[in-house]
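Trainee: pasting the structure only:
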């Protein structure tokens, strides 16, 4: 485990555990303590004052990151008619109708996102049990069920990320790579922060943004000043 890693402990020693870092300093520190040989992801973890067991407090949505994600996203589009060519022209990796559904039903899952036009949703029931647990089932709230499949493909390819509340009100979101500049990470940070703050349900009581942590794939978490974060988002 990384807690026993010498490099992890060395990285951790460079962080003031109890300190709430400014956003700029947190980003700079996260990049500086990253130690893996690969290009680590930069991730945010929000702890929100919501109870995801209640449907009206489930935070879920998507946001296009200004600087992208740094990842190659394989997009599969399930549609029909003239939308087939539109999806292909927009850069979708896989496009089809019933043939794609049959292929997925058979176990094929070589994609990262699924986009569907509304007319195909009735047919997706047979593969819902395969897509659902992996978070791949198209959803109107996420912009992955839409008549404008071409636009959705472009957005996904450009760096649109999805977020949703996990247990204990935690939301994890990737906002880039260690190789990104601090400015690129800050742009993405601001975009997802604004989306999360705006998604506050009216039924949420008390402090909404309870804690915010930034980290790299292998590195320790760095606390972010939530007061600054809320002020910026508002």
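Mentor: Sure, I can see it. None of these values were measured; they are calculated from a predicted model.
Trainee: this structure: strands as residue ranges?
Mentor: 41-48, 60-64, 75-78, 94-96, 113-116, 160-164, 170-177, 209-216, 222-223 (DSSP state E).
Trainee: can you pull the buried residues of stretch 17-37?
Mentor: 20, 21, 23, 26, 27, 28, 29, 30, 31, 33, 34, 35 (16 or more other Cβ atoms under 10 Å). The C-beta positions use only the backbone N, C-alpha and C, and glycine is treated the same way.
Trainee: of all these, which two lie farthest apart?
Mentor: Within the buried residues of stretch 17-37, two members stand farthest from each other by Cβ to Cβ: 20 and 35, at 23.3 Å.
Trainee: if we go by neighbour counts, what in the lengthiest helix in the chain is buried?
Mentor: Criterion DSSP state H: the longest helix present in the chain is helix 182-198. Under the neighbour-count criterion of 16+ other Cβ under 10 Å, helix 182-198 has 184-193, 195-197 buried.
Trainee: go on, stretch 97-107?
Mentor: 97, 100, 101, 103, 104.
Trainee: closest one to residue 52 out of the residues you listed, please.
Mentor: Of all the buried residues of stretch 97-107, residue 52 sits closest to residue 104, with 27.9 Å by Cβ to Cβ.
Trainee: got a list of what the closest one touches?
Mentor: Contact partners of residue 104, counting by Cβ atoms under 8 Å, 6 or more residues apart in numbering, are 127, 130, 131.
Trainee: let me know the pLDDT of the nearest residue to the last one once chain neighbours are set aside.
Mentor: Taking Cβ to Cβ, 6 or more residues apart in numbering, and ignoring the residues beside it in sequence, residue 131 has residue 137 as its nearest neighbour in space, at 4.2 Å. Per-residue pLDDT puts residue 137 at 95.
Trainee: many thanks, have a good one.
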